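J.: sequence and predicted structure are below.
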Amino acid sequence: MGAVWSETYDNATVAFIIICTALVFIMVPGLGFLYSGLARRKSALSLIWAVLMACSVGMVQWYFWGYSLALSTTANNGFIGNMDSFGFRNVYGKSSDDKTYPEFVFAVYQNMFLCVTLAIIAGATAERGRLLPHMVFLWFWATLVYCPIVCWIWSGEGWAAKWGVLDYAGGGPVEIGSGVSGFVYSWFLGRRKEKLLINFRPHNVSLITLGTALLWFGWLGFNGGSCLIPSMKAMYAIMGTNLTAAVAAMTWCLLDYRLEKKWSTVGMCSGFISGLVAATPSSSIITLYGSVILGIVTGVVCNFSTGLKYLVGVDDSLDILAEHGMAGIVGLFFNALFGADWVIGMDGVTDHPGGFISHNYKQIYKQIAYIAACTGYCFVVTAIICFFIDKIPGLQLRASEAAEAAGMDEDQIGEFAYDYVEVRRDFLSWGNGEHDHNITRVDDDHISNHQHIDAQMDQDTAESDNNNNNHLTSEKLSQNEKLSV
């Protein structure tokens, strides 16, 4: 005779969490498209691969011991869980405290948070990082960094949760974790070769915009679903998220416009993402007018934080620290200022005195201590993981100079988002006025041929510019002659 489940749950709540799980997953390909568009064409596909494989690493790690280490209900040390739920053991028959949804549904939803966090960090490999060592790094990072911080704030026995720290949807484990750790990983990789960065610009702004739109769509499930019930509080979180993202984008665009006198699409997308990140820890804690102020402050802080990488000499090519780490810090600090007890208690369950505007002044030092703990812990442990993995033969984090010049698509993947080599060859034939399709043999190391092509492209471009200038000069002279007549 087969086994029959006798436990019943609230179907609306279960369906709500399932839908939000799917929404959060959409953020992963969104990050892939975003990163791919921000990179150069010759490394575009490798970043999509890195993001999707990071998601795979997160799924497997969470199933084996990630969930148990982060959110085991039997752990009581306040720092990290135990192995009681290894392989989702002892998960299927449990439910939430109010019996509205099974623990298994909650565990799968939380898995998506880890997948998104690892996908954010994957951007640190841009244009110079080897993929296999990075996947090994992500496995250890998820175990040693992400799981402990999740335990601190979301486990009932975590020290930050017991202390009353306010972090709604992951300002600590997700945003500070990914931002600081991605920055440390970029530091270990070192700078890209300067000669390869001349005239650098994102290769596909349309992909950046598409990725940002998918991220925003998925973020509504990320923040709206974190209250775990279909309620007014969920919609309040969505409204706060939208307000912060919109205002941050406006602020970022205005700051960019003052320099270039043009409206930047990349700047707009950067503002949206920064605002979404800042809303992650705060959207269901602070007031809506606080969300508007948060958007302004986030836009300013994150825009200027993009210059930090130049001050310290770290090639954070995709601005992971500025848009995730700094935005997460700002959002967490705003909980101390604009956290309202009536907003927090909107679910009818949570009882917290709020922040400064609710006259709970001690929340300020609690939030600062939590921010410092997350930042310091992520920095130190990430550096240790990078150091040891980089010393293992065959797991060096950085690709060779030859591979960097050829592009990560060619070196690490063997496939291309665009047939890059053919595009370059076609360019040569067009530039020289030849339209044959003879294919020159590519050297095994790809370098001498690429350098020759680059040099030829530069020469052709210079000749084309000179011809255009001569043509424009002739036109001007002709027009002047007509005017004089």
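T.: Received it, and whenever you're ready, just let me know what you need.
J.: from here on, contacts and neighbour counts on C-alpha atoms
T.: Noted.
J.: okay, now R201: neighbour count?
T.: 12 (other Cα atoms under 10 Å).
J.: mind checking how far it is from M268?
T.: 16 Å (Cα to Cα, to the nearest Å).
J.: now for Y257, how many residues are close by?
T.: Y257 has 14 nearby residues by other Cα under 10 Å.
J.: residues touching it, list them.
T.: Residues near Y257 by Cα atoms under 8 Å, 6 or more residues apart in numbering: W263, S264.
J.: now do 6 Å
T.: W263 (Cα atoms under 6 Å, 6 or more residues apart in numbering).
J.: quick one: residues contacting G325.
T.: With Cα under 6 Å, 6+ apart, G325 has these contacts: E175, I176, G179, V180.
J.: try it again at 7 Å.
T.: E175, I176, S178, G179, V180 (Cα atoms under 7 Å, 6 or more residues apart in numbering).
J.: could I get the phi/psi values of the second one?
T.: For I176, the backbone dihedrals are phi -60, psi -40 (criterion: degrees, to the nearest 10).
J.: for it, which residues are in contact?
T.: Per Cα under 7 Å, 6+ apart, neighbours of I176: H324, G325, G328, I329, C374, T375.
J.: just checking, what packs against the host helix or strand of the fourth one?
T.: Translated: I329. If you go by DSSP states H and E, I329 is part of helix 327-338. With contacts taken as 3 or more Cα pairs under 7 Å, 6 or more residues apart in numbering; DSSP states H and E, helix 327-338 sits against helix 265-279, helix 288-305, helix 363-391.
J.: picking up where we left off before, secondary structure added to the contacts of G325, as a markdown table?
T.: Formatted as a markdown table, these follow (DSSP: H, G, I helix; E, B strand; the rest coil):
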| residue | secondary structure |
| --- | --- |
| E175 | helix |
| I176 | helix |
| S178 | helix |
| G179 | helix |
| V180 | helix |
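J.: next, format those residues as TSV and append distance to T212 and pLDDT.
T.: Listed next are those as TSV, based on distance: Cα to Cα, whole Å; pLDDT from 0 to 100:
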residue	distance to T212	pLDDT
E175	16	98
I176	20	98
S178	17	98
G179	17	98
V180	21	98
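J.: make JSON lines from those residues and add distance to N303 to it.
T.: Compiled in JSON lines, the contacts of G325 are given as follows (distance: Cα to Cα, whole Å):
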{"residue": "E175", "distance to N303": "16"}
{"residue": "I176", "distance to N303": "17"}
{"residue": "S178", "distance to N303": "18"}
{"residue": "G179", "distance to N303": "15"}
{"residue": "V180", "distance to N303": "17"}
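J.: give me the low-pLDDT residue ranges for the stretch 351-485 of the chain?
T.: 420-485 (pLDDT under 70).
J.: what do you get if the cut-off is 80, keeping everything else the same?
T.: 419-485 (pLDDT under 80).
J.: with the stretch 101-250 of the chain instead?
T.: 194-200.
J.: what ranges do the helices span in it?
T.: 103-122, 131-141, 147-154, 159-163, 177-189, 205-224, 232-260 (DSSP state H, counting those that start in this stretch).
J.: in TSV: those, plus distance to D347.
T.: Converted to TSV, the helices of the stretch 101-250 of the chain look like this (distance: least, Cα to Cα, whole Å):
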stretch	distance to D347
helix 103-122	17
helix 131-141	33
helix 147-154	17
helix 159-163	18
helix 177-189	27
helix 205-224	12
helix 232-260	6
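J.: tell me which of those helices lies nearest to C55.
T.: helix 103-122 (4.5 Å; Cα to Cα).
J.: quick one, the closest one and helix 131-141 angle?
T.: Relative orientation of helix 103-122 versus helix 131-141 (axes from the mean of the first three to the mean of the last three Cα atoms, to 10 degrees): 130 degrees.
J.: helix 103-122 - contacts with which helices or strands?
T.: By 3+ Cα pairs under 7 Å, 6+ apart, helix 103-122 packs against helix 11-38, helix 44-61, helix 177-189.
J.: next one: the shortest one to chain centre, how far?
T.: With Cα atoms, centre = their mean, to the nearest Å as the basis, helix 177-189 stands 12 Å off its chain's centre.
J.: can you tell me the closest non-neighbouring residue to the residue positioned nearest the centre of the chain?
T.: Nearest residue to the geometric centre of the chain (Cα atoms, centre = their mean): I120, 3.1 Å. Spatial nearest neighbour of I120, chain neighbours left out: S178 (6.2 Å); criterion: Cα to Cα, 6 or more residues apart in numbering.
J.: separation between that neighbour and A369?
T.: Taking Cα to Cα, one finds S178 at 19 Å from A369.
J.: got the phi/psi numbers for the residue nearest to G129 when sequence neighbours are not counted?
T.: Once flanking residues are discounted, G129 sits nearest to R398: 4.7 Å by Cα to Cα, 6+ apart. The phi and psi values for R398, taken as degrees, to the nearest 10, are phi -100, psi 140.
J.: quick revisit: just say which of the helices and strands packed on helix 327-338 is most tucked in.
T.: helix 265-279 (a mean of 28; mean count of other Cα atoms under 10 Å).
J.: show residues contacting it.
T.: Contacts of helix 265-279 (Cα under 7 Å, 6+ apart): 175, 205, 209, 212, 240-241, 244-246, 248-249, 252-253, 295, 298-299, 302, 323-324, 327-328, 330-331.
J.: what about 6 Å?
T.: Contacts of helix 265-279 (Cα under 6 Å, 6+ apart): 241, 244-245, 248-249, 252-253, 295, 299, 323, 327-328, 331.
J.: among the helices of the stretch 101-250 of the chain, which comes closest to D315?
T.: helix 177-189 (6.1 Å).
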